[in-house]
Every structure is written in C-alpha cells, then in structure tokens.
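> Have a look; sequence and predicted model below, questions after that.
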Amino acid sequence: QKEVEQNSGPLSVPEGAIASLNCTYSDRGSQSFFWYRQYSGKSPELIMSIYSNGDKEDGRFTAQLNKASQYVSLLIRDSQPSDSATYLCAVSTPGGGNKLTFGTGTQLKVEL
Amino acid sequence: DTGVSQNPRHKITKRGQNVTFRCDPISEHNRLYWYRQTLGQGPEFLTYFQNEAQLEKSRLLSDRFSAERPKGSFSTLEIQRTEQGDSAMYLCASSFGSNYGYTFGSGTRLTVV
C-alpha cells in the first residue's frame, strides 16, 4: 500500500463547477497535511495546509480532513481554466522533522 | 528576491560525470530539504537539514549522492558517476521549523545522456 494515494486523473470539470480532489494516507500518526499545485514544468506551490479534523477555507479553496478515515480532500469552487494543473497531496511523517510524503498527484482540467 | 533559489536551472551531463547543484533557501528558514521528481510522480524525499546538520537521508538514496549545508545557509547536492536513471527534476525547499509547508525553488532539471 502506498503511503499517500491519489487518483491520477485526469479529472475534467466545466468552468464554474466545483472540483473535488481526494487523498488517502496510511500512517495514522500523521498530523500535518498539505495541498500543492503544480503547473506543467514548474515546481510545486503550497496552496492549503490543514492540521485538525474538519474544514478549512481560503478563498475558493476548502481543505477537508478526516483523521478517523485517513482522508484529505480539496474542493475548488468556481473552477477556472487557470486552475488546470496537477494537485499534490502531502502528509508529514510523525517524528520525521517535517519530512513530507507526496502522492503522485491528480491532474485537473477545467474546460471552457 | 525572497524565494528559494536553485542553480543551475538545467544541466545536461554525460553518464559517469559528477554534477553539483546549489540551493539558496529563504534566509529566515532553518530547514532545507532536497527532493527528486520524475515525470508523473510526486516529489521523492532525498535528505534534509536543520541549520547545518543533516538530520536524515533517504534509505533509497545511493552513496553516489551527497549533500552539504555549510554554515546553515546555502546547500549543495552532488551526484557522482551519474547514471541515466538519475535524470529527474531536483527540487530544493525550505521551511521555518517543523509542521509548516515548504516553499520550493524552481528546481534543477538534470538530463544524463
């Protein structure tokens, strides 16, 4: 079992719709969770962090965490073509000095 | 520029040659990380520093790889006797303390021919 799992996609949504990206992780002791956006040929960019169960909203982005189910999600409201990118889920390793384990990423395509 | 800076941006080398990459982190960040990313994969952890101390190195990392962070400022990653399988994007990131997300540099794309 991979430590951090994401559906590779591509996930296609129409412009203006809600995009829902999902991630599961294997280590129950993980405490910090991050979403990064990566455009083709570019480096990852941090867009959301979440540390406790529930929802965290920042503009059009909402991160959701359920530690009991070992599940993290990212919702993007009013999706725009500029949101088309690969979204990486990252989970911190307990006692690992903030070492992050990344999933393989989900490719999102927002269509006009 | 207050971001993470990596040099060079691209490097093409012949198999068997040594290469060295440099990373300048955000000045107030005490933690520095090196990751490697291949096409279609997420970044893979290589090693990290807290100030000048190298605290962890991936067990998957060959002895051909070495990293330094003298004086807790910039860091270098050296790959000796490069192999074609070393071709990847090498990413440096920095953070302030633990439990925070990273800021990544633009990366160094290595191609071994």
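Perfect, thanks for sending it. Numbers count the residues shown, from 1 in each chain, chains lettered A, B, ... in the order given.
> Could you give the bridge partners of B:A67?
Residues in a beta bridge with B:A67, per DSSP bridges, are B:L77.
> just checking, it touches B:T76?
Yes: applying Cβ atoms under 8 Å as the test, B:A67 and B:T76 come out as touching, 6.7 Å apart. In this view, the C-beta of every residue, glycine as well, is placed from N, C-alpha and C.
> Comparing these two, which shows the higher neighbour count?
B:A67 (21 against 14; other Cβ atoms under 10 Å in any protein chain shown).
> Any regions of chain A where pLDDT drops low?
A:1, A:96-97 (pLDDT under 70).
> Can you tell me the closest non-neighbouring residue to the closest residue to chain A within chain B?
When distances are taken as Cβ to the nearest Cβ, chain B reaches nearest to chain A at B:G42, 3.2 Å away. Distances taken as Cβ to Cβ, 6 or more residues apart in numbering or on different chains place A:F102 nearest to B:G42, at 3.2 Å, with adjacent residues excluded.
> Where does pLDDT dip in chain B?
In the predicted model of chain B, residues B:1, B:98-99 satisfy pLDDT under 70.
> let's see 50
Applying pLDDT under 50 to the predicted model, chain B contains no residue that meets it.
> hmm, back to that, any idea how many residues pack against the residue nearest to B:G42?
Burial of A:F102 is recorded as 24 neighbouring residues (other Cβ under 10 Å).
> A:L11 now?
As a burial measure, A:L11 scores 16 neighbours (other Cβ under 10 Å).
> Just the endpoints, please. Distance across stretch A:46-56?
As for stretch A:46-56, its first-to-last residue distance stands at 15 Å under the measure Cα to Cα, to the nearest Å.
> follow-up on the earlier one: may I ask you to confirm that the residue of chain B closest to chain A belongs to a strand?
No: under DSSP: H, G, I helix; E, B strand; the rest coil, B:G42 sits outside any strand and is assigned coil.
> Next up, the contacts around it.
Taking Cβ atoms under 8 Å, 6 or more residues apart in numbering or on different chains as the contact definition, B:G42 lies against A:4, A:88, A:90, A:102-105.
> same deal with B:T2?
For B:T2, the set of contacting residues under the criterion of Cβ under 8 Å, 6+ apart consists of B:26-27.
> Pretty sure it sits in a helix.
No: assigned with three-state DSSP, B:T2 falls outside any helix and is coil.
> could I get the helix or strand hosting A:V110 in PDB with only the CA atoms?
Take DSSP states H and E as the rule and A:V110 turns out to sit in strand A:106-111. In PDB, the C-alpha atoms belonging to strand A:106-111 read as follows (Å, rounded to 0.1, in the frame of the first residue of the first chain):
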ATOM      1  CA  THR A 106      -4.200  14.400  -9.600                       C
ATOM      2  CA  GLN A 107      -4.300  16.200 -12.900                       C
ATOM      3  CA  LEU A 108      -7.200  18.700 -13.100                       C
ATOM      4  CA  LYS A 109      -8.500  20.000 -16.300                       C
ATOM      5  CA  VAL A 110     -11.000  22.900 -16.300                       C
ATOM      6  CA  GLU A 111     -12.800  23.100 -19.600                       C
END
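> What residues sit buried inside that strand?
Of the residues in strand A:106-111, A:106-108, A:110 count as buried by neighbour count, 16 or more other Cβ atoms under 10 Å in any protein chain shown.
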